[in-house]
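Q: Fold the following and give me the result.
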Amino acid sequence: MRIAHVREVHAAAGTPFRLAAALSDERWLDLEPARRRLLRDDPRLAHNDPLFRVPITTLDAHLAAGGRIDALRAVVDPFLAADDASDLMLDAADLRFGPPILHPTSLRDFYAFERHVATMWSRRGGEVPEAWYRLPVFYFSNVSEIRGPDDSVWVPRGSSELDYELEIAALIDTPARDLTPDRAEEAIGGYTILDDWSARDLQREETTVRLGPAKGKDFASSIGPWIVTPDELADRRAGKGYDLAATAEVNGRCLSRGSWADIHFSFGEMLARASSDAWLRPGDLIGSGTVGSGCLLEIKDESGFGRWLEAGDVVTLRIERLGALSNPVVPRS
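A: Okay, here's the model as predicted:
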């Protein structure tokens, strides 16, 4: 199941996003009108399922009310083979997609791909610390600067080294604490693409004092274009991840190429670490860290690209089955 926040491309300014589910690549089901249709046809649904007692507005509201993502199947499944619901369908070409979770409650970003970690340490003239192989480590990012598909990003104040980072994010959809690695992924409602934008010059200065990253990271994080439930990926399970290609393009030129299957720590291991002595809440995002080769810091020179991002560039991250996430770089206003 794919779930997204959508609104019409030509909707009036300020029109709120609403929740939709993909029935195919081209057709999306508008969930609230679909819920009302089902309830009209069978009023007993309101007695049997809390999903039918309140309007479906956003995924944020659904999670806040205690619903899990998989519960939305009760509205989606009846229309998978329906031939009389054209008035409930939305054409993907007419839609703008928003962040799949509009206001994440937190964002923990891990550091789980060895190739990326090794490159970062080699640039500092060192080797990967032994502790990295034992401990999934993370930092808290800034949820006030979340971007969605096609939202603009700019070089932050005091920086001239804007970089993308190609990552996977898991969305937590149930409260959880002190999880074990073998069961922790049960707390994941779905996955999406994450671009953990970085100002490398600011980040480099901050990390010399062994704190942060702060202003080198907190100016923007992009997520989207939708949430994909784990069952959609199950047949591609490989090692601690999934055998799904991940690429990054700048202005249509592919610069980064890796695989989710190369991850050193599973999301189960990362969630076990994150939930140790601390609650995970519905709406929390867990980032994987950068896929190997998935940033300019790693491949800028060897790829021939030879520079950092600047105004006029368009960055597109693609992960098989998760879609494509594009964001333009614009002048700082």
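
Q: CA only for contacts and neighbour counts going forward, please
A: Noted.

Q: For stretch 272-288, C-alpha coordinates in CSV please.
A: Extracted as CSV, the C-alpha positions of stretch 272-288 are listed here (Å, rounded to 0.1, in the frame of the first residue of the first chain):
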residue,chain,number,x,y,z
ALA,A,272,16.3,-1.3,19.3
ARG,A,273,19.0,1.3,19.9
ALA,A,274,16.7,4.3,19.6
SER,A,275,14.0,2.8,21.9
SER,A,276,16.4,1.8,24.7
ASP,A,277,15.1,3.5,27.8
ALA,A,278,13.1,5.9,25.6
TRP,A,279,9.7,5.9,23.9
LEU,A,280,9.3,6.0,20.2
ARG,A,281,6.1,7.7,19.2
PRO,A,282,3.8,7.5,16.2
GLY,A,283,5.1,10.0,13.7
ASP,A,284,8.8,9.6,14.5
LEU,A,285,11.1,9.2,11.6
ILE,A,286,14.2,7.0,11.6
GLY,A,287,16.8,7.8,8.9
SER,A,288,19.2,5.1,7.7
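
Q: so what's residue 293 up against?
A: Shown in contact with residue 293 (CA atoms under 8 Å, 6 or more residues apart in numbering): 115-116, 256-258, 299.

Q: Measure how buried residue 311 is and give me the count.
A: 13 (other CA atoms under 10 Å).

Q: Distance-wise, check it relative to residue 325.
A: In this view, residue 311 and residue 325 are 18 Å apart by CA to CA, to the nearest Å.

Q: number of nearby residues for residue 115?
A: So residue 115, with other CA under 10 Å, has 18 neighbours.

Q: That one - nearest residue in space that isn't next to it in sequence?
A: Of all residues not flanking residue 115 in the chain, residue 292 sits nearest, at 4.9 Å (CA to CA, 6 or more residues apart in numbering).

Q: That neighbour and residue 112 touch, don't they?
A: No: Residue 292 lies out of contact with residue 112 (CA atoms under 8 Å); the separation is 9.6 Å.

Q: which ones are touching residue 331?
A: By CA under 8 Å, 6+ apart, residue 331 lies in contact with 154-155, 311.

Q: For the protein, name the helix or strand with the lowest mean pLDDT.
A: Ranked by mean pLDDT, DSSP states H and E, the weakest helix or strand in the chain is helix 114-123, scoring a mean of 86.

Q: and after it, which helix or strand comes next?
A: strand 138-140 (DSSP states H and E).

Q: Can I get the host helix or strand of residue 258 as CSV, trimmed to CA atoms?
A: Using DSSP H and E, residue 258 falls within strand 253-259. Below are the C-alpha coordinates for strand 253-259, written out as CSV (Å, rounded to 0.1, in the frame of the first residue of the first chain):
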residue,chain,number,x,y,z
ARG,A,253,22.8,13.1,-14.5
CYS,A,254,23.2,10.1,-12.3
LEU,A,255,26.0,10.7,-9.8
SER,A,256,25.3,8.2,-7.0
ARG,A,257,24.4,4.5,-7.1
GLY,A,258,24.0,2.1,-4.2
SER,A,259,21.7,-0.5,-2.7
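
Q: mind checking the end-to-end distance for stretch 110-129?
A: This stretch, stretch 110-129, spans 15 Å end to end (CA to CA).

Q: buried residues in that stretch?
A: Going by neighbour count (16 or more other CA atoms under 10 Å), the buried part of stretch 110-129 is 110-117, 119-120.

Q: need the next SSE after the host helix or strand of residue 34, C-terminal direction.
A: Assigned by DSSP H and E, residue 34 belongs to helix 31-41. Per DSSP H and E, the first helix or strand lying C-terminal to helix 31-41 is helix 45-48.
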